[in-house]
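A.B. asks: no sequence for this one, just the structure:
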């Protein structure tokens, strides 16, 4: 069986995610082209008796950064999570991604824990 390309794998994962009622993807468009996107998953959290939201990705094309696109996307996804009853939103970013950290802090996100991961 031939190996699937990385782009094809990503496309398949996006299609699968879009079918889920617990997933949301927002895109920022300019002149009919996508300049950024953000996506979020909702999960039940029995320990807190509510719904948690996880921002999976926030990306803005380099030439559109520092122009309010990330702010707009983050504002909309936070509003949507609130409307859908989330009691917390979690997000991760690289330790050295200072622009992203600054953006998240501007919206009230606080460093409360350490996320660990393992690649499989």
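C.D. replies: Looks like it arrived, so ask away. What you see is a predicted model; the values in this text were computed from it and never measured.
A.B. asks: OK, contacts around residue 14?
C.D. replies: For residue 14, the contact set (C-beta atoms under 8 Å, 6 or more residues apart in numbering) comprises residue 25. Just so you know, the C-beta spots here come from the backbone N, C-alpha and C atoms, and that holds for glycine as well.
A.B. asks: on the three-state scheme, it is what?
C.D. replies: helix (DSSP: H, G, I helix; E, B strand; the rest coil).
A.B. asks: look up how far residue 91 lies from it.
C.D. replies: From residue 14 across to residue 91, the span is 19 Å (C-beta to C-beta, to the nearest Å).
A.B. asks: same question, residue 59
C.D. replies: From residue 59 over to residue 91 (counting by C-beta to C-beta), the distance is 13 Å.
A.B. asks: so for the longest strand along the chain, mean pLDDT?
C.D. replies: When the chain is scanned for its longest strand (criterion: DSSP state E), the result is strand 33-45. When the per-residue pLDDT values of strand 33-45 are averaged, the result is 96.
A.B. asks: who's in contact with it?
C.D. replies: Around strand 33-45, the neighbours that count as contacts under C-beta under 8 Å, 6+ apart are 17, 20, 22-29, 50-61, 64, 69-70, 73-74, 76-77, 80-81, 84, 86-89.
A.B. asks: of those, just the buried ones, ChimeraX syntax please.
C.D. replies: Selecting only the buried entries of those in ChimeraX, with 16 or more other C-beta atoms under 10 Å as the criterion:
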select :24,26,28,51,52,53,54,55,58,59,60,69,70,73,74,77,80,81,86,89
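A.B. asks: so which of the contacts of strand 33-45 belong to strands?
C.D. replies: Using DSSP E, the members of the contacts of strand 33-45 that fall in strands are 23-29, 50-60, 86-89.
A.B. asks: how about residue 117, secondary structure?
C.D. replies: coil.
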